[in-house]
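**Student:** Whatever this is, show me its structure:
(chains A and B, ligands or ions: 2)
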Amino acid sequence: MSEVIVVTSGKGGVGKSTTTANLGVGLAMRGQKVVLIDTDTGLRNLDLLLGLENRIMYDLVDVIEGRVEIRKALVRHKKFENLQLLPTSQVKDKSAVNPADLMALCDELRKEYDYVIIDCPAGIEQGFQTAIAGADTAIVVTMPEVSAVRDADKIIGELGRSEKDNIKLIINRIRPAMVDSGEMMDMDDINDILAIKCIGQVPDDIKVVTSANRGEPVVGDNDSQAGKAYANIVGRIMGEDIPFMEFEKEGFFAKLKKAFGM
Amino acid sequence: MLDSLMRIFNSEKSGKVAKKRLQMVLIQDRANVSPEVMELIRDEIIQVISKYMVIDKTDMELSLENDDDSVALVANIPVHNMKHHR
Ligand SMILES: Nc1ncnc2c1ncn2[C@@H]1O[C@H](COP(=O)(O)OP(=O)(O)O)[C@@H](O)[C@H]1O
Ligand SMILES: [Mg+2]
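**Tutor:** Ligands and ions are numbered 1, 2, ... in the order given. Sure, this is the predicted structure:
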């Protein structure tokens, strides 16, 4: 049974593309056949996060406009051959693809892949409507900040109006020390507000940035809290019952470990 | 009085403040994007009250009003007469 998942948020910069890249690599590491579709046409990024920017020949718009077959436009990941990327155009704009086009494409890809994951543009305009059209499941990414949570609520409403009722939440960029001192909302607070099933909480982690620098998503890096969090989300998507982890605090032990270079 | 209230409010941790503010603003947001739901609530209120009173349906007003720290559903329903009940 294959699943088409759209990663969306409303607000820009909360971590949709980062999430898409990490889930893609994470699922591929677990042996799943995965294709990622970048629908942020005009603002192409997923290729960079995956380290595939130099291998692109064709893009989503070429496929939609019938210039090439899907197969020819897919870019295979360097390390995981069961992971493919369908990049989007950096020159066209979001009106180049419509919801019916994307729905047809997803139905085609569904036949061959276990997971089709769609990276959605920010906003609630046509690009959003297009990105969600073919999806079975929506993952809403938010951050523990007032504007991001409000926008997530708006997106959840829009998804409901489009009859997308299978919605899951990822809370990204949590700062455990701030949560501890009461200066940041935690998962329970956001659950109370949005009432959507949470499948992951990802801490703010410099390794997310350094791994993006290298084009190698952090998932599975066990020295990284975010890497572990993404691996857990991958397991939950595959139907495993994984408890939420406690974040390591910059407390006495962490400091001691650092001091001894552990 | 207001001053001391303000002080209590300010000394509250910002995480809690964020949660409260969001819960309030989302009541408004959700009502604004679904006028259909407000319409349904209105119709059902009319049905219930009409069992007991004769009311002016056209002049009835229903709205969400917010104070600093609460949101209220405010209804203004002109009553013309009371129905007889046995
Ligand atoms: N958990 C995290 N910790 C630290 N930085 C992060 C985290 N998640 C995302 N970022 C950074 O935030 C920025 C925006 O992320 P991105 O995935 O491009 O967002 P979006 O696709 O929603 O616009 C990027 O610079 C990314 O490296
Ligand atoms: Mg993006």
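
**Student:** going forward, measure contacts and count neighbours with C-alpha atoms only.
**Tutor:** OK.

**Student:** give me the element the residue nearest the centre of chain B is part of.
**Tutor:** By Cα atoms, centre = their mean, the mean C-alpha position of chain B lies nearest to residue B:73, the distance being 1.1 Å. Assessed by DSSP states H and E, residue B:73 sits inside strand B:71-76.

**Student:** from the chain's centre, how far out does that strand sit?
**Tutor:** Chain-centre distance of strand B:71-76: 3 Å, with Cα atoms, centre = their mean, to the nearest Å.

**Student:** Send me it as PDB with only the CA atoms.
**Tutor:** What follows is strand B:71-76, C-alpha atoms only, in PDB (Å, rounded to 0.1, in the frame of the first residue of the first chain):
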ATOM      1  CA  VAL B  71     -14.100  35.600  24.000                       C
ATOM      2  CA  ALA B  72     -17.900  35.600  24.300                       C
ATOM      3  CA  LEU B  73     -20.700  34.600  22.000                       C
ATOM      4  CA  VAL B  74     -23.100  37.500  22.200                       C
ATOM      5  CA  ALA B  75     -26.600  37.200  21.000                       C
ATOM      6  CA  ASN B  76     -29.100  40.000  20.800                       C
END
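
**Student:** tell me the SS of residue A:104?
**Tutor:** Classification of residue A:104 using DSSP: H, G, I helix; E, B strand; the rest coil returns helix.

**Student:** residues contacting it?
**Tutor:** Shown in contact with residue A:104 (Cα atoms under 8 Å, 6 or more residues apart in numbering or on different chains): residue A:134.

**Student:** Show the pLDDT at the closest residue to the residue nearest to the centre of chain B other than its chain neighbours.
**Tutor:** Nearest non-adjacent residue to residue B:73, counting by Cα to Cα, 6 or more residues apart in numbering or on different chains: residue B:64, 4.6 Å away. In this prediction, residue B:64 carries a pLDDT score of 86.

**Student:** So residue B:64 belongs to a strand, correct?
**Tutor:** Yes - according to three-state DSSP, residue B:64 belongs to a strand.

**Student:** ok, it touching residue B:72?
**Tutor:** Yes - between residue B:64 and residue B:72 there is a contact at 5.6 Å, judged by Cα atoms under 8 Å.

**Student:** quick check: longest helix of chain A.
**Tutor:** helix A:146-161 (DSSP state H).

**Student:** and that helix, what does it pack onto?
**Tutor:** Where contact means 3 or more Cα pairs under 8 Å, 6 or more residues apart in numbering or on different chains; DSSP states H and E, helix A:146-161 is packed against strand A:137-142, helix B:14-33.

**Student:** Of those, flag the one that's most buried.
**Tutor:** Scoring the helices and strands packed on helix A:146-161 by mean neighbour count under mean count of other Cα atoms under 10 Å in any protein chain shown gives strand A:137-142 as the most buried, with a mean of 24.

**Student:** Show me what that one is packed against.
**Tutor:** Contacts defined by 3+ Cα pairs under 8 Å, 6+ apart place strand A:137-142 against strand A:3-8, helix A:146-161, strand A:167-174.

**Student:** ok, now with 10 Å
**Tutor:** Here strand A:137-142 touches strand A:3-8, helix A:16-29, strand A:115-119, helix A:146-161, strand A:167-174, strand A:197-203, going by 3 or more Cα pairs under 10 Å, 6 or more residues apart in numbering or on different chains; DSSP states H and E.

**Student:** tell me the angle that strand makes with strand A:3-8.
**Tutor:** If you take axes from the mean of the first three to the mean of the last three Cα atoms, to 10 degrees, strand A:137-142 sits at 20 degrees to strand A:3-8.

**Student:** Let's see strand A:137-142 as CSV, backbone CA atoms only.
**Tutor:** What follows is the C-alpha trace of strand A:137-142 in CSV, where atoms were taken according to Å, rounded to 0.1, in the frame of the first residue of the first chain:
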residue,chain,number,x,y,z
THR,A,137,-1.9,12.4,4.2
ALA,A,138,-0.8,15.9,5.1
ILE,A,139,2.0,16.6,7.5
VAL,A,140,1.8,20.1,8.9
VAL,A,141,5.1,21.5,10.1
THR,A,142,5.0,24.2,12.7
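
**Student:** Run the angle between it and helix A:16-29 for me.
**Tutor:** For strand A:137-142 against helix A:16-29, the angle by the same axes, to 10 degrees is 130 degrees.

**Student:** Right, and chain A sits closest to which residue of chain B?
**Tutor:** Closest residue of chain B to chain A, Cα to the nearest Cα: residue B:15 (4.3 Å).

**Student:** Quick check: that residue touching residue A:188?
**Tutor:** No - judged on Cα atoms under 10 Å, residue B:15 makes no contact with residue A:188 at a distance of 11.6 Å.
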